[in-house]
Every structure is written in C-alpha cells, then in structure tokens.
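In: what would the 3D arrangement of this be:
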Amino acid sequence: MVFDAIIAAGGSGARAGGPKQWRPLAGRPVVRWSAEALLAAGARRLIVVVPPDAEAAAREALAGLSDLRFVAGGKTRAASVRAGLDALAADSPEAVLVHDAARPLVTAAVVEALLAALEKADGAVPALPLADTLKRGAEGRVDATLPRDGLWRAQTPQAFRYDRLVAAHAAWPGGGEMTDDAAAVERNAGTVALVPGDPRLMKLTWPEDFAMAEALAGQARVTRIGQGFDAHRWGPGRSVWLCGIEIAHDQTLIGHSDADAGLHALTDALLGALGEGDIGDHFPPSDPQWKGASSDRFLRHAADMVAARGGRIANVDVTLICERPKVKPHREAMRARVAEILDLPLQAVSVKATTTEGMGFPGRGEGLAAQAVASVDLPA
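Out: So this is what the prediction gives:
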C-alpha cells in the first residue's frame with residue numbers, strides 16, 4: 001500500500017533535558033532516526049511538522065534526506081498533525097502514518113504490519129500488552145489495584161486511511177486535546193486494529209531514557225566494507241592530481257574529469273560499502289558536465305550518501321601504485337585533504353604508495369593505479 005508519513009517533531013522535551021528531537025542518539029539526531037526509517041520503509045513523502053522557530057534546527061538535523069517537506073506546527077499536538085494532514089491534501093493519499101519524533105527506533109516490520117492491518121480497518125496502532133500490575137496512588141500511598149486484562153500500551157507510528165483521519169480530526173470537539181490520533185478515529189466510529197508493537201519503540205521522556213535508547217541503537221548497527229580500484233594512463237602535462245592534491249610533474253593523468261585515481265578509487269569504495277554501484281553510474285563520463293570536474297565533488301557525493309543512510313565513515317585507506325611521482329613527500333597533505341573532504345579525523349585516513357618493481361603498465365610508466373578500502377558503520 002502506498003503511504004505518506006507525518007512526523008510530529010514539536011514539544012520542548014524539558015523532562016528529557018532539552019528539546020529531545022534534536023539531541024544526538026548514537027551519533028544522529030533523534031528525529032533523523034524516524035525520518036530515515038520511514039523513508040526506508042517506503043514513505044512516498046514525509047511531512048515534518050516543527051515548531052515555527054525550529055525549522056533551521058530541523059533542516060540541519062535532516063540534511064541530505066530527500067522527499068521531505070517542513071511544515072509549521074500548532075500550539076497542540078493535534079493542531080500540528082492537522083497541519084501535516086493539510087500539507088498532504090492536494091494529493092489525498094490512500095494511507096498516512098503519524099509518528100512522534102520522540103520514538104526514534106521504528107522498524108520496517110512495524111510499518112509493514114500497520115499497512116497490512118489497514119486492508120480491513122480505518123486505522124491501526126502498534127501496541128504492547130501491559131505486563132506490570134497497575135496501582136492507583138494518592139498522597140504517596142496505594143489507593144487501589146486495577147485490573148490489567150485487555151489493556152494495551154499504544155505506540156507510534158499509527159496508520160490510517162487518510163480520508164478517515166481527516167474526518168476524525170474535523171469532528172473532534174473544539175478546544176479538546178486528544179491523547180493520540182487513534183482516539184479521534186475511534187470517536188468518529190472508525191475501526192482501529194491492534195498490531196504487535198516493539199519494545200524498542202520507547203518514548204524518550206526522561207533523561208534516563210536516552211541511556212536505554214543509546215544501548216538499543218548501538219545494537220542496531222552493522223559495519224560494511226567497500227573496495228575500489230581505478231587506473232589512468234599518462235599523457236602530456238605539467239602536473240597531476242592525486243588524493244585531492246596537485247603535484248608538479250612532467251606528465252598528467254588522462255581522464256574525463258581531473259583523473260584523480262586516488263579519489264576515484266575511494267569514491268568507489270564508499271559506493272561499494274553502500275551497495276550503490278560505481279562512480280560511472282553516478283557521474284557518467286558521457287555527460288559533458290563532468291569534463292574536467294574536480295574529483296572531490298565525487299567523493300563528497302559518496303560521503304553525503306553515507307550520511308543520508310544514517311551511516312558514519314569509520315576509516316579509509318588508499319594505496320597509489322606508480323613508479324613516479326614520489327608520493328611520500330606529499331602523503332601527509334593528501335591525508336589532510338581526504339580527511340577534510342570526508343570530515344574525518346586525520347587518524348581515520350591512510351594514504352600509502354607502492355611500485356610494481358618495473359612490472360606491468362605502472363612499472364613501464366604507462367599509467368598509474370589506485371586501490372582503496374572504506375569501512376562504513378550503517379543502521380542494520
């Protein structure tokens with residue numbers, strides 16, 4: 001089922017130590033976890049509803065993600081959700097998911113279960129059965145023990161048929177605040193299905209919640225390795241570009257761009273770690289706009305793709321294979337330039353060089369080759 005999604009990213013989060021939606025969680029802003037998960041699960045469009053004074057923070061937190069639209073929220077959560085629904089009105093989607101940014105660890109399995117439940121219901125809510133005994137308290141003492149049979153803890157995202165949710169919000173009594181959107185659909189005679197929730201979909205409310213979420217988020221990561229290789233032939237020239245540094249030389253490398261074999265190999269290594277093809281898929285040599293282009297643009301594009309997937313480059317290693325020019329005098333400058341392009345600490349970047357002892361095309365002085373390896377930490 002095709003669906004759009006709304007993330008309610010409002011609230012001060014004072015109890016959790018500040019605006020929690022912008023705080024980092026395992027290296028990423030809290031709101032980014034939800035945005036990436038919903039887009040990866042197939043959301044056609046994502047409406048991010050933010051306080052009017054927080055759009056700059058939202059754009060910074062979600063930089064690099066596509067299919068987003070930022071909408072100013074209202075004074076209440078219900079008003080903010082209605083603003084998100086209004087932003088989708090022109091397309092009137094079949095289904096919409098409404099999610100709270102304070103629940104960052106949403107999974108594709110929960111989304112799939114919600115959409116499946118919408119086939120026979122007006123709405124669907126992920127929920128967990130109550131396991132703890134319920135007590136009503138007054139003045140520091142137990143006033144009553146309550147039955148827990150049939151009680152569930154509702155989570156988000158919650159899924160709805162778009163027209164039913166719009167109608168339910170319109171019919172909600174003026175001035176009243178709803179605890180969640182399912183309550184509006186229930187009040188409007190809609191059917192709301194329960195689907196199995198996920199304990200990881202905890203709501204970040206108290207400062208100690210972040211410690212638990214950090215532990216859970218850290219378990220949901222995987223390390224991917226990519227490798228790249230590139231080679232260019234020598235031709236007439238006065239300098240050569242290697243790993244982002246121009247080196248005076250009696251020849252140059254021939255290529256459609258600046259022929260920086262080191263950066264080309266490293267770009268392919270990052271794309272390989274992502275499973276996103278190679279440099280030619282993203283920057284075809286048949287496209288005249290890349291003629292003579294600086295290869296740092298290619299490498300930055302690959303790094304931005306890693307960031308858009310919620311990833312982090314752990315380290316990179318480049319080996320240049322040639323008889324000339326001598327790389328060692330320029331190696332530290334190359335490391336610094338690659339670290340700058342990738343926004344990495346210097347110790348996470350290695351640049352080495354070797355010869356082929358006179359063998360093969362590098363040994364004969366016909367060309368230069370480069371190989372690279374990159375390690376990328378990604379959401380599992």
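In: C-alpha only now, for contacts and for neighbours.
Out: Fine.
In: output the below-cut-off pLDDT ranges for the protein.
Out: Along the chain, segments meeting pLDDT under 70 span 11-18, 175-176, 218-220, 380.
In: so which residues of it form helices?
Out: Remark: helices assigned in the chain by DSSP state H are 30-40, 55-61, 77-87, 108-117, 162-171, 181-187, 207-219, 261-274, 279-282, 296-308, 331-342, 360-363.
In: format those helices as a markdown table; extra columns: distance to residue 377.
Out: What follows is the helices of the chain, written out as a markdown table (distance: least, CA to CA, whole Å):
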| stretch | distance to residue 377 |
| --- | --- |
| helix 30-40 | 14 |
| helix 55-61 | 18 |
| helix 77-87 | 33 |
| helix 108-117 | 19 |
| helix 162-171 | 36 |
| helix 181-187 | 35 |
| helix 207-219 | 11 |
| helix 261-274 | 9 |
| helix 279-282 | 20 |
| helix 296-308 | 9 |
| helix 331-342 | 14 |
| helix 360-363 | 34 |
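In: make a markdown table from the ones you listed and add mean neighbour count and distance to residue 22 to it.
Out: Output for those, formatted as a markdown table (neighbours: other CA atoms under 10 Å; distance: least, CA to CA, whole Å):
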| stretch | mean neighbour count | distance to residue 22 |
| --- | --- | --- |
| helix 30-40 | 23 | 6 |
| helix 55-61 | 15 | 7 |
| helix 77-87 | 21 | 17 |
| helix 108-117 | 19 | 22 |
| helix 162-171 | 18 | 28 |
| helix 181-187 | 20 | 23 |
| helix 207-219 | 15 | 13 |
| helix 261-274 | 28 | 26 |
| helix 279-282 | 14 | 31 |
| helix 296-308 | 19 | 16 |
| helix 331-342 | 19 | 23 |
| helix 360-363 | 16 | 50 |
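In: among the ones you listed, which is nearest residue 2?
Out: Of all those, helix 108-117 sits nearest to residue 2, with 8.9 Å by CA to CA.
In: before we move on, the earlier item: for residue 8, find the nearest of the helices of the chain.
Out: Among those, helix 77-87 comes nearest to residue 8, with 6.7 Å by CA to CA.
In: quick one: contacts of the closest one?
Out: Around helix 77-87, the neighbours that count as contacts under CA atoms under 8 Å, 6 or more residues apart in numbering are 6, 8, 10, 47-50, 71-74, 98, 166, 169, 177-178, 181.
In: give the contact list for the residue lying closest to residue 351 once chain neighbours are set aside.
Out: Counting by CA to CA, 6 or more residues apart in numbering, residue 351 lies nearest to residue 318, which is 4.8 Å off, once chain neighbours are set aside. By CA under 8 Å, 6+ apart, residue 318 lies in contact with 262, 265-266, 350-352, 370-373.
In: redo that, cut-off 7 Å
Out: Counting by CA atoms under 7 Å, 6 or more residues apart in numbering, residue 318 touches 262, 266, 350-352, 371-373.
In: residue 105 too?
Out: The contact partners of residue 105, taken as CA under 7 Å, 6+ apart, are 33-34, 200-201.
In: go again with 8 Å.
Out: Counting by CA under 8 Å, 6+ apart, residue 105 has contacts 33-34, 200-202, 217.
In: could you measure from it over to residue 50?
Out: From residue 105 over to residue 50 the distance is 19 Å, taken as CA to CA, to the nearest Å.
In: cool, and residue 223?
Out: Per CA to CA, residue 223 is found 33 Å from residue 50.
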